[in-house]
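Engineer: Have a look; sequence and predicted model below, questions after that.
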Amino acid sequence: MPRKKGFRMRRAPRSIKSKSDGNACICSEKLLLSVVAGSDVPAAPLSCDVNALIACSVVAAIKHVISPVCTWVYTDVDDICVEGSKLATYVREASQKRNHKKELCKLIEEHNVFGRKWNVEIGLPVYRDFGSFEEENVMYEKVQEYLLRDGMCLLNLHGAVSAIIHHKDYFVMVDCATRDVFGMASGIGTSVAVFNTCLNDLMVHIRNLRKSLDAQWFAISSISVKMGQEDSELQSGTVFTDKPVDIESAGHIRGSFHQGNEQFKYGGLQCMAIALVSVAKHKVYSVFSWQTKDVDRVLVLGNELYTALRDTNRISQRSNVLCVHDLPKQTIIDGDNFLFQYGEFVSGEVDVVEGELIDSGACSSLSIGLETIFAQYDTCLLTVCSSTCAIISQNGQYALVDSHARSVVGMIDENGRSVVVYFSSLKDLFNHICLLSTGLSEKEKPFEIAGIYVTVKSSQLPILSKFSI
């Protein structure tokens, strides 16, 4: 496997260090074992319990946050399997008791793991079939992307799910299935944590494990773990808080991918549809309480809306880029029936603040345009240099939902992801748009702001995956 140019695994550790010296990192103190195996030696089951392996992999990620993987001994591996089994049982029973399926992450957050609640975010999996060097290359790039960003990820080899953890100089594969002393598939064996000293060695181990499993496909998902609220702070059955985001401390919420992601049929053209879905979902669940999975969900739903419009020839332009007049006035999104009323709009050039067109009222400066729209609307669509995003106002705060490839602060980044950027004033929002437009174009920077009224007609409809347009 060739080494990828520019990949340097240097990052601040995300683990929350324990107050106990016994849980402190020991990487610099001794050479670690290549494999840490559990003590339970079961025979391999006739079929693979994917849900149980996912649960154990999530628990492994949580365990690393509590105690760095370099400190693990066989009892830690055993504890992961026990806690993972409890979590899998809870998820299965909770799902059966409810009339509708609840997201896995929300079920995980309701259950105590190692004595407390946890906030876990799992990204959408990237699936590929084995069979070519190019597909294996995708695995390599996704693994390094997620490890660089989150320090961990989930790997599914044809149903065999493992957690991969990057810690200091080690790349550790935590595998709670039945494995031999080398971490390969076996008829009898134990759960293992296999330590690799570089990314290439990890890929060699994955390749060998794939052969021992005869895996025909793989999937990779991102995962991040944070300590949740204490039990006394949680309301029964509630995972999210309705408190507004602290703009000074939060600043942004990032998605796991952007609208050009390869999972989308018409990637790169859906920004206006995604923006419309953003303002709709805000009516149901405030954008100021969103998490990464909410941003991801908006992109997926917006892509579905765009695809429905395009496949039914509802887009007027030959470029297949949406205009406001192409958007539906009523549609069902994620089970809720929304009515949209498209109102006043203003347009102009970002860098033009005066002149004959502005004096005549034909155009507007950006600052006056923002003030005009938000004097009448709480939500709008902003298009700058053909890129559309949603802007939402609530209690004097502003959120800009941008589905394009953006950096943490919402600027152009070819390796970026979707993002929601929060502002505590209209002036800060204005400055952000001006800075963003500079990256979008060195010459003309046309903008258009369209105000929208959104009404939820009914929230009692069955959840549908298709859109009524």
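Structural biologist: Thanks, I have the structure now. Numbering: from 1, shown residues only.
Engineer: make it CA atoms for all contacts and neighbour counts henceforth
Structural biologist: Fine.
Engineer: Tell me which residues are up against stretch 387-400.
Structural biologist: With contacts defined as Cα atoms under 8 Å, 6 or more residues apart in numbering, stretch 387-400 is touched by 271-272, 274-276, 278-279, 287-288, 374, 378-383, 401-403, 420-426, 429.
Engineer: now do stretch 212-221
Structural biologist: 122-131, 139, 142-143, 153-158, 184-185.
Engineer: Show the contacting residues for residue 251.
Structural biologist: 409, 421-423.
Engineer: Quick check: what element follows the helix or strand encompassing residue 308 along the chain?
Structural biologist: For residue 308, the element it lies in under DSSP states H and E is helix 292-311. Proceeding N to C from helix 292-311, the next assigned helix or strand is strand 330-333, under DSSP H and E.
Engineer: For whatever helix or strand comes next after that following strand, which residues meet the burial criterion?
Structural biologist: Once the chain leaves strand 330-333, the next helix or strand it forms, by DSSP H and E, is strand 336-349. Judged by neighbour count using 16 or more other Cα atoms under 10 Å, the buried positions of strand 336-349 are 336-340, 342, 345-349.
Engineer: could you dump the residues you listed to CSV with pLDDT and distance to residue 29?
Structural biologist: Below are the buried residues of strand 336-349 laid out as CSV (pLDDT from 0 to 100; distance: Cα to Cα, whole Å):
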residue, pLDDT, distance to residue 29
336, 90, 57
337, 92, 60
338, 93, 60
339, 94, 63
340, 95, 62
342, 94, 64
345, 90, 64
346, 94, 64
347, 94, 63
348, 94, 63
349, 94, 60
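Engineer: Tabulate the residues you listed (JSON lines), appending distance to residue 170.
Structural biologist: Formatted as JSON lines, the buried residues of strand 336-349 follow (distance: Cα to Cα, whole Å):
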{"residue": "336", "distance to residue 170": "47"}
{"residue": "337", "distance to residue 170": "50"}
{"residue": "338", "distance to residue 170": "50"}
{"residue": "339", "distance to residue 170": "53"}
{"residue": "340", "distance to residue 170": "52"}
{"residue": "342", "distance to residue 170": "54"}
{"residue": "345", "distance to residue 170": "55"}
{"residue": "346", "distance to residue 170": "54"}
{"residue": "347", "distance to residue 170": "53"}
{"residue": "348", "distance to residue 170": "53"}
{"residue": "349", "distance to residue 170": "51"}
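Engineer: quick check: domain ranges of this protein?
Structural biologist: Following automatic domain parsing, the chain resolves into domains at 21-233, 252-458.
Engineer: between the ones you listed, which gets the lowest average pLDDT?
Structural biologist: Mean pLDDT is lowest for domain 21-233 out of the domains of the chain, coming in at a mean of 84.
Engineer: how far is it from where the chain is centred?
Structural biologist: 18 Å (Cα atoms, centre = their mean, to the nearest Å).
Engineer: Now list the buried members of the contacts of stretch 387-400.
Structural biologist: So, by 16+ other Cα under 10 Å, the buried ones in the contacts of stretch 387-400 are 271-272, 274-276, 278-279, 287-288, 374, 378-383, 401-403, 420-424, 426, 429.
Engineer: name the element residue 430 belongs to?
Structural biologist: Counting by DSSP H and E, residue 430 is found in helix 426-440.
Engineer: which helices and strands sit right next to the next helix or strand after that helix?
Structural biologist: Beyond helix 426-440 on the C-terminal side, the first helix or strand identified by DSSP H and E is strand 446-458. With contacts defined as 3 or more Cα pairs under 8 Å, 6 or more residues apart in numbering; DSSP states H and E, strand 446-458 has these neighbours: helix 271-284, strand 336-349, helix 366-374, strand 379-384.
Engineer: so what strands line up beside the helix or strand following the last one?
Structural biologist: Same thing as strand 379-384. Next along the chain after strand 379-384, taking DSSP H and E as the criterion, comes strand 387-394. When pairing is defined by DSSP bridges, strand 387-394 lines up against strand 379-384 (antiparallel), strand 397-406 (antiparallel).
Engineer: Quick one, which of these gets closest to residue 307.
Structural biologist: The closest of the strands paired with strand 387-394 to residue 307 is strand 397-406. By Cα to Cα, the value is 15.7 Å.
Engineer: mind saving the C-alpha coords of the closest one as PDB?
Structural biologist: What follows is strand 397-406, C-alpha atoms only, in PDB (Å, rounded to 0.1, in the frame of the first residue of the first chain):
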ATOM      1  CA  GLN A 397     -28.600  35.200  17.200                       C
ATOM      2  CA  TYR A 398     -27.900  34.000  13.600                       C
ATOM      3  CA  ALA A 399     -27.100  30.700  12.100                       C
ATOM      4  CA  LEU A 400     -25.700  30.200   8.600                       C
ATOM      5  CA  VAL A 401     -26.200  26.600   7.300                       C
ATOM      6  CA  ASP A 402     -23.700  25.900   4.500                       C
ATOM      7  CA  SER A 403     -23.700  22.500   2.800                       C
ATOM      8  CA  HIS A 404     -20.600  23.100   0.700                       C
ATOM      9  CA  ALA A 405     -17.000  22.000   1.500                       C
ATOM     10  CA  ARG A 406     -16.100  24.500   4.300                       C
END
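Engineer: All good on my end, thank you.
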